[in-house]
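give me the fold of what follows.
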Amino acid sequence: MSTLQTIHDVPVLLCPTEGEVIKGEREALDLIGNAGYQGARWVVVPVERFDEGFFQLGTRVAGDIVQKFVQYGLGLVVLGDVSRHTADSSSLRDFVRECNRGSQTWFVADADELGERLKG
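Next up, the predicted model:
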């Protein structure tokens with residue numbers, strides 16, 4: 001069950017590690033709907049919840065999911081270690097770096113890094 005927390009005055013929906021695998025837009029829309037209902041501005045999803053296709057940019061899964069979050073004005077945080085995925089893909093490394101430069105989608109290692117980012 002996802003829980004709403006406020007971190008540095010920002011309402012954040014924290015998804016548990018266990019739960020439905022996020023394979024595409026349908027699962028993203030479920031998260032977006034839940035977040036909107038609870039009043040969250042960010043949705044934090046553990047890396048383990050994403051289907052492998054998310055980390056293979058050629059599948060366009062990551063782009064489709066990120067785009068849904070953008071359309072609905074919600075931030076997406078991928079929480080955890082993505083190094084096993086980025087080690088094999090320079091394009092994924094670039095994608096993660098670009099996302100982390102922005103204010104819409106972040107890849108963070110842990111809750112401490114998330115807290116720092118949310119401080120503003």
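
can you give me the helices in this structure?
25-38, 61-71, 83-86, 90-101, 111-118 (DSSP state H).

Glu48: which of the ones you listed is closest?
The closest of the helices of the chain to Glu48 is helix 83-86. By CB to CB, the value is 11.7 Å. All C-beta atoms are positioned from the backbone trio N, CA, C, and that covers glycine.

if we can go back for a sec, of all the helices of the chain, which lies closest to Val44?
Closest to Val44 of the helices of the chain is helix 111-118 (CB to CB; 6.6 Å).

and the angle for the closest one with helix 90-101?
Counting by axes from the mean of the first three to the mean of the last three CA atoms, to 10 degrees, helix 111-118 lies at 60 degrees to helix 90-101.

ok, and what's touching helix 111-118?
Residues outside helix 111-118 that contact it (CB atoms under 8 Å, 6 or more residues apart in numbering) are 7-8, 10, 12, 42, 44, 77, 79, 106, 108.

need the max-distance pair from the residues you listed.
Using CB to CB, the two most remote members of these are His8 and Leu79, lying 16.0 Å apart.

ok so, going back, Throw the helices of the chain into a markdown table and include mean neighbour count, thanks.
Output for those, formatted as a markdown table (neighbours: other CB atoms under 10 Å):
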| stretch | mean neighbour count |
| --- | --- |
| helix 25-38 | 16 |
| helix 61-71 | 17 |
| helix 83-86 | 14 |
| helix 90-101 | 14 |
| helix 111-118 | 15 |
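
next, the spatially most distant residue from the centre of the chain: phi, psi?
Residue farthest from the centre of the chain, counting by CA atoms, centre = their mean, is Asp88 at 20.2 Å. Taking degrees, to the nearest 10, you get phi -100, psi -10 for the backbone angles of Asp88.
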